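J.: Build me a model from this:
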Amino acid sequence: MSSQTPKLTVTSCILERGNREVLICLPKGDADPRQWEFPTGEKQDGESFEAAVRRVCRACLGVGVAITIGQPPFVADYHGRLATYRFFLATIESGEPEPLDYAEIRWIQAGQLCEYDYNDVVKPVVEWYTQ
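T.: All right, here's what the predicted structure looks like:
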């Protein structure tokens, strides 16, 4: 564990819907093309974690979300930079998700999460969520 203080803050959410399905996203760009994640983005200065996750979901998926619960923050690598992460559980409040900022999105059963490959930050979150 690094003793450096992260200068970057990242927010992410596990979007759930009533039949125990969750939304996973396949990033565009330089990321490993088969490593899935949950909707994720950087928190802006002066923005609360909750406001950031709402903005990220609107910008990346075109949906409004209702936050169910937030998890405690932790420190991890974000594209080569040390970042403070905070994950939320949320549901879609308005809109239908579209892959606006992702190569692909999928609704899958929560029990199927372990069948997909994730980056090192998301893996322990998936393990926690599926227990």
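J.: Next, count neighbours for the closest residue to residue 92 other than its chain neighbours.
T.: Leaving aside its chain neighbours, residue 92 sits nearest to residue 63 (4.9 Å; criterion: Cβ to Cβ, 6 or more residues apart in numbering). All C-beta spots, glycine's among them, are computed from the backbone N, C-alpha and C. Using other Cβ atoms under 10 Å, residue 63 has 21 other residues around it.
J.: Also the one 10 residues further on?
T.: Neighbouring residues of residue 73 were enumerated by other Cβ under 10 Å; the total is 16.
J.: ok, and the closest non-adjacent residue to it?
T.: Nearest residue to residue 73, sequence neighbours excluded (Cβ to Cβ, 6+ apart): residue 86, at 4.5 Å.
J.: who are the neighbours in contact with the one you found?
T.: Residues in contact with residue 86, defined by Cβ atoms under 8 Å, 6 or more residues apart in numbering, are 9, 10, 11, 12, 49, 70, 71, 72, 73, 74.
J.: Compute the distance between the residue nearest to residue 92 and residue 121, please.
T.: Relative to residue 121, residue 63 is positioned 22 Å away (Cβ to Cβ, to the nearest Å).
J.: same question, residue 102
T.: Between residue 102 and residue 121 the computed distance is 16 Å (Cβ to Cβ).
J.: which one of the two has more residues nearby?
T.: Higher neighbour count among residue 102 and residue 121: residue 102, with 21 against 18, using other Cβ under 10 Å.
J.: What average pLDDT does stretch 108-119 get?
T.: Here stretch 108-119 scores 95 as its mean pLDDT.
J.: ok, now stretch 34-42?
T.: 93.
J.: Any chance you could list what contacts it?
T.: The contact list for stretch 34-42, computed with Cβ under 8 Å, 6+ apart, reads 8-15, 22-27, 52-53, 55-57, 59-61, 78, 87, 116-119, 122, 125.
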